[in-house]
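Colleague: got a sequence here, can you model it:
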Amino acid sequence: MSGSLARAARSTSRARRRSRVALPALTALLLALPACGDSSDGDDDGAAASSAATDFPVTLTADNGEVTIEEQPAAIVSMSPTATETLFAIGAGDQVEAVDDNSNYPADAPITDLSAFTPNAEAIVAYEPDLVVLSDDQNGIVDSLEALDVPVLLLGSAEDLDEAYAQMELLGEATGHADEAADVVADVQDRIRAAVDSVSADAAGQKVFHELGPELYSADSSTFIGSIYSLFGLENIADSAPDPSGGYPQLSAEFVVEQAPDLIVLADTKCCEQSAATVAQRPAFDALPAVVDGRVVEADDDVASRWGPRIADFAETVAEALQG
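Modeller: This next block holds a predicted model:
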């Protein structure tokens with residue numbers, strides 16, 4: 001496709017997206033008009049019906065400070081796999097123009113060759129975004145985009161569930177989907193609560209080893225994923241690592257064997273092809289309680305490393321392993 005044809009295709013796509021975004025607001029405004037001359041209690045109902053048309057501009061606080069979004073975004077570029085998942089979950093998928101090369105979920109996300117690790121402002125701006133969402137400020141990309149008058153939301157890694165929920169709600173406000181975002185948060189909370197409640201109290205105190213790679217890097221309880229294990233009352237063996245390394249210590253095989261974890265969760269099945277079978281083949285690992293009892297969880301690397309709505313899937317996976 002030539003450059004002119006590509007630009008024309010993107011313009012057509014943006015026009016369609018903007019029409020889909022604008023239609024609900026226009027409908028709400030038309031519904032509200034008959035109430036304008038009514039001084040009865042129906043005024044409150046009219047105001048509620050027109051709220052979708054008056055939500056913007058909004059000023060939000062992200063990791064890069066206060067950000068004002070003048071109009072409901074119609075062309076979003078997401079440079080964060082977690083943000084991409086959240087945007088689609090809250091109903092803002094039609095507003096997403098492009099996503100980075102690691103945003104592989106959901107399947108219909110408009111994935112591109114944009115790199116979040118080496119972001120390029122010119123490449124991002126080529127999609128004519130009216131909102132860019134980032135998880136890292138690599139190469140000073142925030143300043144570069146802001147200098148071009150592009151609204152940017154920097155949403156770094158969540159440290160706990162409350163922060164993850166706050167980011168979901170913030171993206172809802174930023175995109176005009178506050179109610180949908182609140183529903184997603186409530187659903188995730190309910191599912192995680194149910195997962196924890198489904199596990200016997202006897203599981204508390206069992207030891208867990210979360211594996212980030214076959215080099216035995218792990219995540220302790222101070223990390224986001226570690227906080228999920230804490231909900232189940234599990235003892236994270238990485239908490240006792242000689243060198244905490246900011247929450248992600250590299251453990252030795254001898255240390256893991258000595259700790260004798262009751263549950264092993266592999267977050268390196270896709271990147272490094274690790275499995276219950278490969279773990280059992282490691283020297284002395286075949287005698288670990290987790291291996292003997294069949295409690296080696298082959299998790300999805302992406303689900304285990306992101307702090308979006310699918311964290312409920314991860315909690316349910318942990319619950320199933322503990323139940324078994």
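Colleague: could you pull out the strands in the stretch 151-300 of the chain for me?
Modeller: Defined through DSSP state E, counting those that start in this stretch, the strands belonging to the stretch 151-300 of the chain, from first to last, are 152-154, 207-211, 235-236, 263-266, 296-298.
Colleague: in a markdown table, list the ones you listed along with mean neighbour count, distance to residue 272 and mean pLDDT.
Modeller: Quick note: C-beta positions are derived from backbone N, CA and C, even for glycine. Listed next are these as a markdown table, based on neighbours: other CB atoms under 10 Å; distance: least, CB to CB, whole Å; pLDDT from 0 to 100:
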| stretch | mean neighbour count | distance to residue 272 | mean pLDDT |
| --- | --- | --- | --- |
| strand 152-154 | 23 | 30 | 98 |
| strand 207-211 | 26 | 9 | 98 |
| strand 235-236 | 21 | 21 | 98 |
| strand 263-266 | 25 | 9 | 98 |
| strand 296-298 | 22 | 12 | 98 |
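Colleague: and stretch 310-320, which residues are buried?
Modeller: Going by neighbour count (16 or more other CB atoms under 10 Å), the buried part of stretch 310-320 is 310, 311, 312, 314, 315, 316, 317, 318, 319.
Colleague: wait, what's in contact with the last one?
Modeller: Residue 319 makes contacts with 195, 196, 198, 199, 232, as judged by CB atoms under 8 Å, 6 or more residues apart in numbering.
Colleague: isn't the second one right up against residue 232?
Modeller: Spelled out, that is residue 196. Yes. With the criterion set as CB atoms under 8 Å, residue 196 and residue 232 qualify as a contacting pair; they are 6.0 Å apart.
Colleague: circling back: for residue 106, state which of the buried residues of stretch 310-320 is nearest.
Modeller: When the buried residues of stretch 310-320 are compared for distance to residue 106 (CB to CB), residue 310 wins out at 10.0 Å.
Colleague: identify the residue spatially nearest to that closest one, adjacent ones excluded.
Modeller: With CB to CB, 6 or more residues apart in numbering as the measure, residue 303 is the residue that lies nearest to residue 310, at 4.9 Å, once sequence neighbours are left out.
Colleague: and what of residue 62?
Modeller: residue 153 (4.5 Å).
Colleague: so what's that neighbour up against?
Modeller: Counting by CB under 8 Å, 6+ apart, residue 153 makes contact with 60, 62, 64, 67, 131, 132, 133, 134, 170, 171, 174.
Colleague: all the helices of the stretch 151-300 of the chain, residue numbers only.
Modeller: The residue ranges that make up the helices of the stretch 151-300 of the chain, judged by DSSP state H, counting those that start in this stretch, are 161-175, 178-197, 224-231, 253-259, 276-280, 289-292.
Colleague: now mean pLDDT too, for the ones you listed, in JSON lines please.
Modeller: Compiled in JSON lines, the helices of the stretch 151-300 of the chain are given as follows (pLDDT from 0 to 100):
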{"stretch": "helix 161-175", "mean pLDDT": "98"}
{"stretch": "helix 178-197", "mean pLDDT": "98"}
{"stretch": "helix 224-231", "mean pLDDT": "97"}
{"stretch": "helix 253-259", "mean pLDDT": "98"}
{"stretch": "helix 276-280", "mean pLDDT": "98"}
{"stretch": "helix 289-292", "mean pLDDT": "98"}
